[in-house]
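Engineer: What shape does this take:
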Amino acid sequence: MPFTLAQPVHSDILIKKSRFIACVQAVPDRAAALTIVAGLRREHPAATHVCWALLAGGQSAANDDGEPGGTAGRPMLEVLRRQDLEGVLATVVRYFGGVKLGAGGLVRAYTDAVAQALLGVQKVQLQRTVVLRCAVPYAMEGMLRRELLQVGADLREVKHGDEVEFEFGVNEPVAAALVARLGDAGQGLLRWLA
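Structural biologist: Sure thing, here's the model as predicted:
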């Protein structure tokens, strides 16, 4: 099962006068990742390269930002994959120090920068969310809210009409047990909606 990060992690290493500033952080999608990369470019205008690797939403991407092809983004991406991470962005800002590292040296430098950042990192196991919808009479609204609170469900929408309609997300491992428990507690009055 994949993991994400509880909080951003950083490293700052110096290799043959070049400075490599790495950050690995949780991101929901590619758009958020690109916003972070654009922010780093503004924050480090004198940097020679801002390379990145992304694993989010089943998508992966890597960018060498002018470094020789395959020497920065892909090696960073492989570090993320080996750590079984998902929903994360790795960035490395490089300040060139005047000494060329060669292709092998660049691969090692970018790999090491990300790996150093991930040393001792606190990983959080990702859980899939199931979205459910149901309707109950007004008299059962309180009971349903208590049950959802007890399992840590994400209450997304509540509509009050002839009855109360709920839309909520719940972690996949507890979904089946919750559906069964609500079915029993609903005494035939709870309706599941498509």
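Engineer: now this protein, which segments are flagged as low pLDDT?
Structural biologist: The chain contains residues with pLDDT under 70 at 1.
Engineer: hey, where'd the helices end up in it?
Structural biologist: Ranges of helices within the chain are 30-43, 73-82, 102-118, 141-150, 172-185, based on DSSP state H.
Engineer: Now do the spatially closest residue to A185 that is not a sequence neighbour against F168, distance only.
Structural biologist: Once flanking residues are discounted, A185 sits nearest to M143: 6.0 Å by Cβ to Cβ, 6 or more residues apart in numbering. All C-beta atoms are positioned from the backbone trio N, CA, C, and that covers glycine. From M143 over to F168 the distance is 14 Å, taken as Cβ to Cβ, to the nearest Å.
Engineer: Neighbour count for those two, which is higher?
Structural biologist: F168 (21 against 14; other Cβ atoms under 10 Å).
Engineer: May I have the residues that are in contact with the more buried one?
Structural biologist: Counting by Cβ atoms under 8 Å, 6 or more residues apart in numbering, F168 makes contact with 131-133, 148, 153-156.
Engineer: Equivalent analysis for L155, please.
Structural biologist: L155 is in contact with 145, 148, 166-168, counting by Cβ under 8 Å, 6+ apart.
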